[in-house]
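**Q** Next come a sequence and a model predicted from it.
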Amino acid sequence: MIVHSIFFYFFSIIAIFSSLMVITSRSTINSVFFLILDFISVGCLFIMVGAEFLGMILLIVYVGAVAVLFLFVVMMLNVAEQKQSWFIGKKSTHIPTGLIVSVLILLELLVVVGGWKYKEDVMSSSTLVLSNISNTHQLGLVMYTDYILYFQLAGVVLLLAMIGAILLTFRERVGVKKQSYLNQISRSPSTAIELREVKSNEGVKIDD
Amino acid sequence: MIEYLQFLGQEVYKIFFLLIPILVSVAMIVWLDRRVWGLVQKRKGPNVVGPFGLFQTLADALKYIFKEIIIPASANKTVFILAPIVTMTLALVAWAVIPMSEDLVLSDINVGVLYLFAVSSLGVYGIIMGGWASNSKYPFLGAIRSAAQMVSYEVSIGIIIINVLLCVGSLNLKDIVIAQKELWYVVPLFPMFVIFFISALAETNRPPFDLPEAEAELVAGYQTEYSGMMYAMFWLGEYANILLMCAMGSILFLGGWLPIINIYPLNIVPSPIWMILKILFLFLLFALVKAIVPRYRYDQLMRLGWKVFLPFSLVYLVLTASFLFYFDKLPKGNF
């Protein structure tokens, strides 16, 4: 058990430290790197409590895909390192907005946690944990039976978000030549090359 | 406490005896790659250092160790040094779950496939970090290209893995191999095997998809500013990743450590040898593709990933699922 707790404290200290660094670090790139470190250590904590599927999915989805996009955006924006920390600087325009948002989120959390009700037969379904079925099977058994509607709805919401993002960024530009791969591949010398006889001292007229 | 130390010592010992063969085989595989490349182009390839030139990679590594490491003045030092370390570590860490035989595996975890997938999707960080920290335009462009490429092809690799998992009903790599005792998945899922192979080429930045380091456009891509041992670590990490992809392909489709047919002279051959032979076979395909196929254009690469592979593997997934459901062949699991 000692080794277990040593690893627990190791990962949780890294998680807390890096999440603090995310919000205090001056350079945005470093923030993203610490965010990734945070995700990884939380994933390790998940694995330690036996939720191996959740831990791996956290790594694949958040670290492998979402954080890469974060990093992309931050690198492309090329945000300069802030010379002054945000609470000393003269233009502290972020503070009111930030306060409003965080108070709102706090209120929402309070409402949600306050109104929390467990499912009626939660004890009977949690006994699954004791049996020797693997973690992934257990999740599947619950997700595709009791919570199938919510699961599908979450998928639809994600799909909507994707369609919305595509719609927002999609614009049709006029006057842009489009490449047709089929035409490019199916070109042959007989249609692409034309042989002309050129008389000396006279050019040849190419019309197309 | 002494028990724990003993346990720890044992684990370290095991890890050591996993890493040494992998590093040696990476060196050998680099030699094999160059040799095949040479043979295809009617050259001899490296044949001077040691018997058949086998020690060429060792000589190269020695050269890299004694070269000076140059860090550009405007680079972000920490990230610059971290990048090759991340690449190399991630390439080696994934080998922990690869089963070489029924009981020759470092850690036999329930979610082996997910672990492999997660580690290979983390591989992109080494490249992005290296490209960004160099603070120079070619490395950055190379890093951006490679990140987009790897993220795109991971999607189709994920769906291909789901195809296999549907037939197995378990995320454990051992179970996946044992489920292929009757029939290797390369037969019923042959189109998926082809797509997996091509996606693996793109995932490891191998030709014909080596756009991140397209030398005509980007000098050497994300490795432009690297020199000495740090460059060598990128290079070895890349080959370790290629070996890993070959191992993944042989576990998912070619029946891992299982012999071709379960008859007398074939099934007394030790299982690790079968596994190694399959990895080598896939690697030979990798090397031949590198020698034969010209480089893709970047938009063609993206089109292939998103508009051809993704829809095709999704359709094949639905097909597999319906087939298994209709003929009542869905794996029942252990409950």
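**A** That came through, no problem.

**Q** What helix or strand is residue B:117 located in?
**A** helix B:112-122 (DSSP states H and E).

**Q** is that helix up against chain A anywhere?
**A** Yes - counting by CB under 8 Å from any CB of the partner chain, chain A has neighbours in helix B:112-122: B:114, B:115, B:117, B:118, B:121, B:122. Just so you know, the C-beta spots here come from the backbone N, C-alpha and C atoms, and that holds for glycine as well.

**Q** Show the secondary-structure elements that the helix or strand following that helix is packed against.
**A** Sequence-wise, the next helix or strand downstream of helix B:112-122 (DSSP H and E) is helix B:124-133. Contacts defined by 3 or more CB pairs under 8 Å, 6 or more residues apart in numbering or on different chains; DSSP states H and E place helix B:124-133 against helix A:67-77, helix B:77-93, helix B:137-168, helix B:228-252.

**Q** hmm, the longest one touching chain A?
**A** Yes - for a cut-off given as CB under 8 Å from any CB, helix B:137-168 has contacts with chain A, namely B:140, B:144, B:147, B:151, B:154.

**Q** Mind putting the helices and strands packed on helix B:124-133 into TSV with mean pLDDT and mean neighbour count?
**A** Converted to TSV, these look like this (pLDDT from 0 to 100; neighbours: other CB atoms under 10 Å in any protein chain shown):
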stretch	mean pLDDT	mean neighbour count
helix A:67-77	80	16
helix B:77-93	88	19
helix B:137-168	86	22
helix B:228-252	89	23
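
**Q** I'd like the ones you listed laid out as CSV, including distance to residue A:163.
**A** Below are those laid out as CSV (distance: least, CB to CB, whole Å):
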stretch, distance to residue A:163
helix A:67-77, 17
helix B:77-93, 34
helix B:137-168, 17
helix B:228-252, 32
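
**Q** what's the closest of those helices to residue B:192?
**A** Comparison of those against residue B:192 by CB to CB identifies helix B:137-168 as nearest, at 4.9 Å.

**Q** Would you mind extracting the C-alpha trace of the helix or strand just after that closest one into CSV?
**A** Proceeding C-terminally, helix B:137-168 gives way to helix B:173-178 as the next helix or strand, assigned by DSSP H and E. The C-alpha coordinates for helix B:173-178 follow below in CSV (Å, rounded to 0.1, in the frame of the first residue of the first chain):
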residue,chain,number,x,y,z
LEU,B,173,-3.8,-7.4,-26.7
LYS,B,174,-3.5,-11.1,-25.6
ASP,B,175,-7.2,-11.7,-26.2
ILE,B,176,-6.9,-10.1,-29.6
VAL,B,177,-4.2,-12.5,-30.6
ILE,B,178,-5.9,-15.6,-29.1
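
**Q** And the next helix or strand past helix B:173-178?
**A** helix B:190-203.

**Q** Now do the buried residues in the helix or strand containing residue A:138.
**A** Assigned by DSSP H and E, residue A:138 falls within helix A:135-143. Using 16 or more other CB atoms under 10 Å in any protein chain shown as the test for burial, helix A:135-143 gives A:135, A:136, A:137, A:138.

**Q** list the contacts for the first one?
**A** With CB atoms under 8 Å, 6 or more residues apart in numbering or on different chains as the criterion, the residues that contact residue A:135 are A:50, A:51, A:52, A:53, A:54, B:110, B:111.

**Q** Could you tell me which of those count as buried?
**A** Buried subset of the contacts of residue A:135 (neighbour count, 16+ other CB under 10 Å): A:51, A:52, A:53, A:54, B:110, B:111.

**Q** Count the neighbours of residue 173 for me.
**A** Looking at chain A here, since you left the chain open. Look at residue A:173: counted by other CB atoms under 10 Å in any protein chain shown, it has 5 neighbours.

**Q** think we crossed wires, I meant chain B
**A** Residue B:173: 26 surrounding residues under other CB under 10 Å.

**Q** Now do the same contact list for it.
**A** B:97, B:98, B:99, B:105, B:108, B:112, B:113, B:116, B:251, B:256.

**Q** Surely the fifth one touches residue B:175?
**A** Okay, so that is residue B:108. No - at 10.0 Å, residue B:108 does not count as touching residue B:175 under the criterion of CB atoms under 8 Å.

**Q** The two: who's more crowded?
**A** residue B:175 (19 against 14).

**Q** Just give the nearest non-adjacent residue to that one, would you?
**A** Of all residues not flanking residue B:175 in the chain, residue B:168 sits nearest, at 6.0 Å (CB to CB, 6 or more residues apart in numbering or on different chains).
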